[in-house]
Every structure is written in C-alpha cells, then in structure tokens.
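Undergrad: quick check, what structure comes out for this input:
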Amino acid sequence: MKAYYLKFASEEEAKSVLYTQEMTQEFNEETMESVEVPVLDEEGNEVFSPNFTNLSVIGVMYNDDAVMGVDEEGMETVVTPATAKEGWHVNVLALESEMEADEETGEFSVPALEAYSVNVTTPSRVWGGQ
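TA: Presented below is the predicted three-dimensional model:
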C-alpha cells in the first residue's frame, strides 16, 4: 500500500482522475445501432465508480488564519473567517493491486496520481496503520 496526498485544481479535475463514469449500451432505433450512454441513478444523475478502494475526500482546506473576537455577551465569535487554501484535496491509500511496478526500480506506484501528489509534513487525515 502507498498513501497519496493529492491536490487538484478543482473538484471536477479530481473526479476525472479518481472516478470512472459508468456506461451502458442502448439500441438506437433511428440509426439501428447500439450506442454507449451514461448510466443514470433514480434521480437522473450520472453514476461514477471510484478507481481506488480507499478514498478520503477532504475537499477545500483552510489556513489557520481566522481572527477571533468576543461579542458583547462575552461569547467567542469569528471576526474574520479562515482563508481557503488553493486546490481540492483528496487522500488515496493505493492497494498493491491498484499500482504498477516500475520496470527499472521495481517500486510500486500509481502513475496517474503522481502528478497530483504533494509532500505533506503533518497530514490533516491519516490512514489507520500508516
């Protein structure tokens, strides 16, 4: 197993890498051909399947820069909220079956995730046993 701490430009970019849209075949009577169409759930939304067993979607992360104050009743209150960090954040704990071995080094990795991987000194979420 290998833990990846990922930062994407947006939620949509993360979804394009971490999920696969489910498709099905339907017969088009006008063209008399079978066509591939998205699978829809009962609410009409497209269905996506995760590409990895262990995903932890964090989403937007925030800096520790909120300014706190005290209101007239003595209760702590937010004067200025924390600012958002750049990107959309997701952790993946890749299983060996989801990784590829490098031909030269023999090390296992997920090449599709490497471009989004960031070095984290103190992760906000960790995998049990990691």
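
Undergrad: so where do the helices sit in the protein?
TA: Taking DSSP state H, the helices of the chain run over residues 11-18, 111-114.

Undergrad: pipe the ones you listed into CSV and attach mean pLDDT, mean neighbour count and distance to Thr53 per row.
TA: The way it works is simple: take the backbone N, C-alpha and C, and place the C-beta from them, glycine included. Converted to CSV, the helices of the chain look like this (pLDDT from 0 to 100; neighbours: other C-beta atoms under 10 Å; distance: least, C-beta to C-beta, whole Å):
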stretch, mean pLDDT, mean neighbour count, distance to Thr53
helix 11-18, 95, 16, 12
helix 111-114, 92, 13, 14
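
Undergrad: among those helices, which is nearest Glu72?
TA: helix 11-18 (39.2 Å; C-beta to C-beta).

Undergrad: quick check: bridge partners of the residue most central in space within the chain?
TA: The residue lying closest to the centre of the chain (C-alpha atoms, centre = their mean) is Val90, at 3.9 Å. When bridges are called by DSSP bridges, Val90 pairs up with Leu6, Val57.

Undergrad: residues contacting Met61?
TA: The contact partners of Met61, taken as C-beta atoms under 8 Å, 6 or more residues apart in numbering, are 84-85, 87, 89, 124.

Undergrad: same question, Val37
TA: Val37 touches 23-26, counting by C-beta under 8 Å, 6+ apart.

Undergrad: picking that back up, between the helices of the chain, which one is nearest to Gly74?
TA: Proximity to Gly74 (C-beta to C-beta) singles out helix 11-18 among those, at 39.3 Å.

Undergrad: number of residues surrounding the residue lying closest to Thr53 once chain neighbours are set aside?
TA: Distances taken as C-beta to C-beta, 6 or more residues apart in numbering put Leu95 closest to Thr53, at 5.7 Å, once the chain neighbours are dropped. A count of nearby residues for Leu95, using other C-beta atoms under 10 Å, gives 14.

Undergrad: cool, and Leu55?
TA: Quick note: Leu55 (other C-beta under 10 Å) scores 15 neighbours.

Undergrad: so what pLDDT did the residue lying closest to it once chain neighbours are set aside get?
TA: Nearest-residue entry for Leu55: Val92, 5.9 Å, with adjacent residues in sequence omitted and distances by C-beta to C-beta, 6+ apart. At Val92, the pLDDT value in this model is 94.
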